[in-house]
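Asker: just coords:
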């Protein structure tokens with residue numbers, strides 16, 4: 001864990017302080033929890049989403065191998081077409 005310093009306006013500090021006291025926790029823990037929820041999301045939700053994507057394209061015969069698929073995408077004037085130029 002690393003230490004950091006935050007500057008909070010009085011209204012935010014008062015709200016955070018009151019919430020920490022009523023929850024029986026520290027302001028630091030509330031800040032860490034808020035950052036985790038906002039920027040990392042819920043671990044279980046992320047894990048479920050990643051597992052759902054595993055093998056998503058398995059058995060697809062319409063694209064062939066991944067190398068051939070990427071080469072087809074890069075071929076020709078595709079970049080010009082999608083950029084609208």
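Answerer: Perfect, thanks for sending it. All of these numbers come straight from a predicted model, not from anything done at the bench.
Asker: so how far is residue 46 from the residue nearest the centre of the chain?
Answerer: In the chain, the centroid-proximal residue (C-alpha atoms, centre = their mean) is residue 40; its distance is 5.7 Å. Residue 40 sits 8 Å away from residue 46, going by C-beta to C-beta, to the nearest Å. In this view, the C-beta of every residue, glycine as well, is placed from N, C-alpha and C.
Asker: so what touches stretch 30-40?
Answerer: 6, 16, 19, 20, 23, 46 (C-beta atoms under 8 Å, 6 or more residues apart in numbering).
Asker: scan the residues you listed and report the most crowded one.
Answerer: Highest neighbour count within these, by other C-beta atoms under 10 Å: residue 16, with 18 neighbours.
Asker: what's near enough to touch it?
Answerer: Contacts of residue 16 (C-beta under 8 Å, 6+ apart): 8, 27, 30, 31.
Asker: 6 Å - rerun?
Answerer: 27, 30 (C-beta atoms under 6 Å, 6 or more residues apart in numbering).
Asker: that one: which element?
Answerer: Per DSSP states H and E, residue 16 falls inside helix 10-23.
Asker: what's residue 57 in contact with, if anything?
Answerer: So residue 57 contacts nothing (C-beta under 6 Å, 6+ apart).
Asker: that one: which element?
Answerer: Using DSSP H and E, no helix or strand contains residue 57.
Asker: low-confidence ranges, the chain, go.
Answerer: 78, 85 (pLDDT under 70).
Asker: quick one: the helices in it?
Answerer: Using DSSP state H, the helices of the chain run over 10-23, 27-35, 43-53, 66-74, 78-83.
Asker: sorry, back to before: which neighbours do residue 40 and residue 46 share?
Answerer: Taking C-beta under 6 Å, 6+ apart as the contact rule, residue 40 and residue 46 touch no residue in common.
Asker: for residue 7, phi and psi?
Answerer: When read as degrees, to the nearest 10, the backbone of residue 7 gives phi -110, psi 120.
Asker: residues touching residue 7, list them.
Answerer: By C-beta under 6 Å, 6+ apart, residue 7 has no neighbours at all.
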